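[1] Sequence and predicted structure, then a few things I'm wondering about:
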Amino acid sequence: MSNASIHERIRMAIIDGDRDKLLVAVENALQEGIKPSVIIEMGMSPGMKEVGERFARYEIYLPEMMMAAEAWEGAMKVLEPKLLAAGTERKKAGRVVLGTVKGDVHSIGKNIVGAILKMNGFEVFDLGVDVAASAFIMKAEEVEADIIAASALMSTTIPQQKSIIEHLVARGVRDKYCVLVGGGSTSQEWAESIGADGYGRTAGDAVALALKAVS
């Protein structure tokens, strides 16, 4: 089987969200002598790009997205040790501190953004839900993050996104971080009004903004 055919099998396994099929295809690729980095860049990444585009076009929905994410994570557990052993650890696009703001316990949108960020090479530090503004900044300082991404679904909790900006300004570190906001009650106008660096209406928008921020 040609390398192109192997890459296509890997790509389709990601698109189908078939974890078992992907693991078999990855093992076959390794047996054929294809480097782990090439498997990711030529097979897995194009598959995830297609998944993200289909999700943005509403051709697939949350269950399919999460199946693809789980398949990706399963394959990466096989590939990452091999990358490390070869001294070719996959280059990280950047570091993101992610969470849902204080008073808000909605996690689905945040989880999707986190999954797609990881697939695009970001190192993601997910703080979970109900996260205080100060906790975002403390973690960003600890891990030397590039981006702080804060989700808020409810109109009663979006002021917490503003609080993150205010905390950064008060500490004198506002310019160190790109701050991205999103969630059901947010908007471009809201992001601009609080001085955020970007607003993501969809997970795809958030990832595009993150990639632009570290480019």
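    Sure thing, it's come through. Numbering: from 1, shown residues only.

[2] Quick check: residue 19 touching residue 69?
    No - counting by Cβ atoms under 8 Å, no contact exists between residue 19 and residue 69, whose distance comes to 10.1 Å. (C-beta placed from N, C-alpha, C; glycine too.)

[3] okay, these two: which has more neighbours?
    Summary of the neighbour comparison: residue 19 and residue 69, criterion other Cβ atoms under 10 Å, with residue 69 having more neighbours (21 against 18).

[4] wouldn't the more buried one be in contact with residue 120 here?
    No - applying Cβ under 8 Å as the test, residue 69 and residue 120 come out as separate, 11.9 Å apart.

[5] where in this protein is pLDDT low?
    In the predicted model of the chain, residues 1, 87-90 satisfy pLDDT under 70.

[6] And the helices in it?
    Assigned by DSSP state H, the helices in the chain fall at 3-16, 19-31, 36-39, 45-56, 62-85, 108-119, 133-143, 159-171, 188-194, 203-214.

[7] Pop out the phi and psi values for residue 35.
    Torsion angles at residue 35 (phi, psi; degrees, to the nearest 10) stand at phi -70, psi 140.

[8] ok, it - how many residues close by?
    Other residues within reach of residue 35, judged by other Cβ under 10 Å, total 16.

[9] Looks like it contacts residue 86 (just checking).
    Yes - taking contact to mean Cβ under 8 Å, the distance of 7.5 Å between residue 35 and residue 86 places them in contact.

[10] returning to what we had before: which one of the helices of the chain is the most hemmed in?
    Highest mean neighbour count of the helices of the chain: helix 108-119, a mean of 22 (counted as mean count of other Cβ atoms under 10 Å).

[11] Give me the contact list for it.
    Helix 108-119 is contacted from outside by 44-45, 48, 52, 62, 65-66, 69, 72-73, 96, 98-100, 124, 126, 129, 149, 151, 153, 182-184, 200, 203-204, 206-207, 210, using Cβ atoms under 8 Å, 6 or more residues apart in numbering.

[12] run the last query once more with 7 Å
    Contacts of helix 108-119 with the rest of the structure, by Cβ atoms under 7 Å, 6 or more residues apart in numbering, involve 48, 52, 62, 65, 69, 72, 96, 98-100, 124, 126, 149, 151, 182-183, 203, 206-207, 210.
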